[in-house]
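coords please:
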Amino acid sequence: MDHRPGLDPAVAEVRRAVRTALDGRTGAVIVALSGGADSLALLAATAFEAGRAGIRVEAVVVDHGLQRGSDAVAARAVETARGRGIDARVVTVEVAVKDGPEADARTARYAALARVASETGADAVLLGHTLDDQAETVLLGLARGSGATSLAGMPTERRDATGPAWVRPLLAVRRSTTVAACAAEGLAPWSDPHNVDPAFTRVRVRERVLPVLEAELGPGVAEALARTAEQLREDAAAFQDMIDETIEDIVEHAEAGISISVAALAANPAALRNRIVRYVVESEFGVSLTRAQTLEVARLAVDWRGQGPIDLPSCVARRVGNRIEIVARERG
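Alright, predicted model coming up:
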């Protein structure tokens, strides 16, 4: 722990979190910087801890161009980073209209960060999500009935098949702590007006739902939700190991798709059986099945009554003898 005289407790907590995230790393890292309190606290702590560890750091500010004056906000964030001895740049992106403003901005932002990481050879991108963000994510997933995968929230670290590791050092740190750390370090965070706009579901969860839960159930709801996410991530990892072992024996390639052994699929418990169905469809066709779709496919193994093919996004599932075939939909 940090016991140096005069070191603010909030600063110490954020630094400890970043130190843990950087432990064992030698490659360069990128800090995703918005100018808000979370990312500024992350920036300051990373500048301190990476400097001690000899790790090269660059800050990247993604300007989505969705708000008037966003270029000035980005320039101010870059100036703050450089004032901390960190190289920084602004990347301007165009946000495609597809899945909604939040999702579309996130897609553009992550693509830009991955591109810079590739250009600079950075091994990891540090993101400023806090425990409060995790709690909001879990609560949203619960409200939507999204299942254990969604309730598992955001992982502390995730690495795609290609590209950098996405690291969230502050997932155990409260948002109030990052605000306090900025104040102690003399940093002036930018307040994103979108963060208080009730048009966004996440804002309503943050400003209305969580405070009501805290008032009615007592303090600690956010921490409890974050603990739930951590436990479910452990469960999800265990299930994934079981899936990886199982599909090697029961899944085969078929013409234009895959096939699954009916007997082997039916022999698995429902929780594993349904995960196998979702996993193989997503892996093969890049689409996510709903709960109802997953159960219909599983019924081809456990409740077979001669039902016909099941139309799924981009593919069709059907029973052929003692196997379930999931094949690409014919183009008509």
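
so where's the chain shaky on pLDDT?
Scanning the chain for pLDDT under 70 picks out 1-5, 99, 146, 331-332.

Run through the strands of it in chain order.
29-32, 57-63, 87-92, 124-126, 157-159, 165-167, 251-254, 257-261, 310-312, 315-320, 323-328 (DSSP state E).

mind putting the ones you listed in a markdown table, distance to C182 included?
Yep, even glycine has a C-beta here, placed from its N, CA and C like the rest. Putting the strands of the chain into a markdown table (distance: least, CB to CB, whole Å) gives the following:
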| stretch | distance to C182 |
| --- | --- |
| strand 29-32 | 14 |
| strand 57-63 | 15 |
| strand 87-92 | 17 |
| strand 124-126 | 16 |
| strand 157-159 | 24 |
| strand 165-167 | 20 |
| strand 251-254 | 50 |
| strand 257-261 | 51 |
| strand 310-312 | 48 |
| strand 315-320 | 49 |
| strand 323-328 | 51 |
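
Now for this protein: which helix has the highest residue count?
helix 221-250 (DSSP state H).

packing partners for it?
In terms of contacts (3 or more CB pairs under 8 Å, 6 or more residues apart in numbering; DSSP states H and E), helix 221-250 is packed against helix 131-144, helix 148-151, helix 210-217, strand 257-261, helix 262-267, helix 270-285.

So which bits of the fifth one are buried?
Neighbour counts over helix 262-267 (16 or more other CB atoms under 10 Å) mark V262, A264, L265 as buried.

give the contact list for the spatially closest residue to S150 that is not a sequence neighbour.
Leaving out its chain neighbours, the residue that sits closest to S150 by CB to CB, 6 or more residues apart in numbering is G141, at 3.4 Å. Contacts for G141 (CB atoms under 8 Å, 6 or more residues apart in numbering) come out as G147, S150, L151, G153.

What's the separation between the nearest residue to the first one once chain neighbours are set aside and A263?
Counting by CB to CB, 6+ apart, the nearest residue to G147 once its immediate chain neighbours are dropped is R291, at 6.9 Å. Here the distance between R291 and A263 works out to 24 Å (CB to CB, to the nearest Å).

do the same with E255
Distance from E255 to A263, by CB to CB: 22 Å.

same thing with A59?
Going from A59 to A263 by CB to CB gives 55 Å.

For the residue lying closest to A47 once chain neighbours are set aside, give me its contacts.
Nearest non-adjacent residue to A47, counting by CB to CB, 6+ apart: R84, 4.3 Å away. The contact partners of R84, by CB under 8 Å, 6+ apart, come to L43, A44, A47.
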